[in-house]
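> Below are the sequence and a predicted model for it; my questions follow.
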Amino acid sequence: MANVEDLVQRGLHENEVLDLENNNLGDDGVHQLAQMEILKDIKRLELGDNEITDTGVEALVNSPYVSNLKSLNLKSNKLTSVGTRAIAVSPHLGNLDSLILKFNDIGEEGARHIANSETLTNLTTLDLFRSRIGKEGTLAIKRSPLYKNLSRVRLSEV
C-alpha cells in the first residue's frame, strides 16, 4: 500500500470527491484516513475494493470529519452486520444520501440495521446487491420508513 496521504492527493477531485477505490488500503489505511481533516470537505468517498473490515468502517464512521459526506461507496470489501451497524448508528452520517454496500457479507442483520437507522434518513440511493441480505433483510428494507425516500435501490437476497 502506498502512503495514504499520497493516495489522497492523487484521488482528490474538485476538492469534493475522493476516489480511493482498489488501493488495498485495509483497516490501517482507513484508520489513517479517518484522522485526516481533509475529509471534512469531501462529499463523495469511494472506498470500494480495499479489503476494509468492520474495524476500518467503525474508525471511518466515527470520525467527525465525515459529517459532510453525501455519498459513501464501500462495495466489495469485507463488511458484516457489525460494520453495517456502525454505519447505521453513526451520528456523523446524517447528510448521507447514497450508500453503496454491494458485494459485502452484511446479511439479514445488516439490512435490519440500515432499515432501523434513525440517522440515514436522507438516503435516496441504497445498493445492497449481492450482500446476502436474504428474504427477511429485503423485507426489512422495503418495510422501513427509509424505503419511501429511495429513488434508486438495489436489493438481492443472495
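Arrived safely.
> which residue ranges form the strands in the protein?
With strands called from DSSP state E, the chain shows them at 12-13, 17-19, 44-46, 71-73, 98-100, 125-128, 152-155.
> which one of these lies closest to Arg85?
The closest of these to Arg85 is strand 98-100. By C-beta to C-beta, the value is 13.4 Å. Backbone N, C-alpha and C define where each C-beta goes, glycine included.
> Pairing partners for the closest one, with directions?
The sheet places strand 98-100 alongside strand 71-73 (parallel), strand 125-128 (parallel), with pairing taken from DSSP bridges.
> So which of those is the most surrounded?
Sort those by mean neighbour count, taking mean count of other C-beta atoms under 10 Å, and strand 125-128 sits at the top with a mean of 22.
> what's in contact with that strand?
Strand 125-128 has contacts (C-beta atoms under 8 Å, 6 or more residues apart in numbering) with 71, 75, 97-102, 106, 111, 114, 137, 141, 146, 150-156.
> What subset of these is buried?
Among the contacts of strand 125-128, those that count as buried by neighbour count (16 or more other C-beta atoms under 10 Å) are 71, 75, 97-102, 106, 111, 114, 137, 141, 146, 150, 153, 155.
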